[in-house]
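J.: sharing a model that was predicted from the sequence below.
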Amino acid sequence: MNKESKERLKTAELAYLITKYPSVPIPMIPLTKYEDKTANGLTKCICEFLNYSKCQAERISTTGLFRNGKWTKGSGTKGSADISATIQGRSVKIEVKIGKDRQSEDQKKYQQSIEDCGGVYIIAKNFDDFVVWYDNFCIFVNK
């Protein structure tokens, strides 16, 4: 994650925390240490950046539960994206892929179903590229 992207995320977080905790002096507000080197880290960066930027984003988990020594099937849609978001009033699904990780066939089918009905689907590989995409998307939607 480059310095500008990290600073933008921290600035958004600080602005959010100042409004959430107005009585806490700014120097006393602890900020999160963000990294995008892992899928969990990148997912957290994207979700929090969007939520701090007057968008809505939530992590989607389709993993089942481990019960009595066995995995039970989850109730989510097979191939569902890692993040479901609303940006500038548009439905956006974000799949997080780090390193050599690639989409499964179920994920490709899910992407096609989202795009067929006018939704937006992107694959995020790092936070810097996501921020560039986000800025371009917001410009495009506001034209």
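T.: Cool, the structure landed. Everything numeric here is computed off the predicted structure, so don't read it as measured data.
J.: how about low-confidence regions in the chain?
T.: Along the chain, segments meeting pLDDT under 70 span 143.
J.: and the longest strand for it?
T.: strand 90-96 (DSSP state E).
J.: quick one: strands adjacent to it?
T.: strand 83-87 (antiparallel), strand 120-124 (parallel) (DSSP bridges).
J.: report the buried residues of that strand.
T.: Within strand 90-96, the residues scored as buried using 16 or more other Cβ atoms under 10 Å are 92, 93, 94, 95, 96. Where C-beta positions appear, they are placed from N, C-alpha and C, glycine not excepted.
J.: can you check stretch 99-118 too?
T.: 107, 110, 111, 114.
J.: helix/strand/coil for residue 66?
T.: Following DSSP: H, G, I helix; E, B strand; the rest coil, we place residue 66 in the strand state.
J.: so residue 87 sits right up against residue 133, yeah?
T.: No. Using Cβ atoms under 8 Å as the test, residue 87 is too far from residue 133 to be in contact (10.1 Å).
J.: these two: who's more crowded?
T.: More neighbours surround residue 87 than the other of residue 87 and residue 133, with 19 against 16 (other Cβ atoms under 10 Å).
J.: who touches the residue lying closest to that one once chain neighbours are set aside in this structure?
T.: Once flanking residues are discounted, residue 87 sits nearest to residue 55: 4.7 Å by Cβ to Cβ, 6 or more residues apart in numbering. By Cβ atoms under 8 Å, 6 or more residues apart in numbering, residue 55 lies in contact with 85, 86, 87, 88.
J.: ok, residue 13 - how many residues close by?
T.: Around residue 13 there are 18 residues (other Cβ under 10 Å).
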